[in-house]
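A.B. asks: What shape does this take:
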Amino acid sequence: MTINLQPKTDRGRWIFGLCAIFSIYTIYYLLFQDSPMAEHINRKMRHIIKFGATFAVYLLGTFYLGKLKDEWMDLLWHTIHISGLVVIVSIGLFDWMFGMVSMPTKLFAASIQEFLISPVLYVGMGIINRKVL
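C.D. replies: The predicted structure follows:
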């Protein structure tokens, strides 16, 4: 007897994707971002953790939105995430190679990373595409 965890409808897929993204977001904030231990992690490892969490959300969204019938949602998801990832990876690489970046640049990268990892974009795309909700 096998159990199929993949929902059959677009709405079910969308909700399953939302739960997965929300789980990554919650785990990231509980175990890393808001943890007092995060200050003791070296700078490069923090970059890797942030990139890994953001990339995991991107992959989950790609997986669940790619199964939906509306291709524009998939294209929008890729465009926003790849653009954001290019910006924050560029800032991170500059930080690794040439030293610390300025505080406004760090805050800019953090706000982009926050937007990419949060479920807000995923929910917004679901609201725009009413037939999913």
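
A.B. asks: for the chain, what's the longest helix?
C.D. replies: The helix spanning the most residues in the chain, taking DSSP state H as the definition, is helix 71-98.

A.B. asks: Please identify the buried residues of it?
C.D. replies: In terms of neighbour count (16 or more other Cβ atoms under 10 Å), helix 71-98 has its buried residues at 73, 74, 76, 77, 80, 81, 84, 85, 88, 91, 92, 95. All C-beta spots, glycine's among them, are computed from the backbone N, C-alpha and C.

A.B. asks: just checking, what packs against that helix?
C.D. replies: Packing partners of helix 71-98 (3 or more Cβ pairs under 8 Å, 6 or more residues apart in numbering; DSSP states H and E): helix 43-66, helix 103-117, helix 120-128.

A.B. asks: and those, which one is worst for confidence?
C.D. replies: Lowest mean pLDDT within the helices and strands packed on helix 71-98: helix 120-128, a mean of 85.

A.B. asks: quick one: that helix to helix 43-66, angle?
C.D. replies: Inter-element angle recorded for helix 120-128 and helix 43-66: 20 degrees (by axes from the mean of the first three to the mean of the last three Cα atoms, to 10 degrees).

A.B. asks: for helix 120-128, packing partners?
C.D. replies: Looks like helix 120-128 contacts helix 10-28, helix 43-66, helix 71-98 (3+ Cβ pairs under 8 Å, 6+ apart).

A.B. asks: one more time with 6 Å
C.D. replies: If you count contacts as 3 or more Cβ pairs under 6 Å, 6 or more residues apart in numbering; DSSP states H and E, helix 120-128 packs onto helix 10-28.

A.B. asks: what about the helix it packs on, average pLDDT?
C.D. replies: Rounded mean pLDDT across helix 10-28 is 89.

A.B. asks: List the buried residues of that helix.
C.D. replies: Of all the residues in helix 10-28, those buried under the rule 16+ other Cβ under 10 Å are 10, 13, 14, 15, 16, 17, 18, 20, 21, 24, 25, 28.

A.B. asks: now do stretch 39-57
C.D. replies: By neighbour count with 16+ other Cβ under 10 Å, stretch 39-57 contains the buried residues 47, 49, 50, 53, 54, 56, 57.
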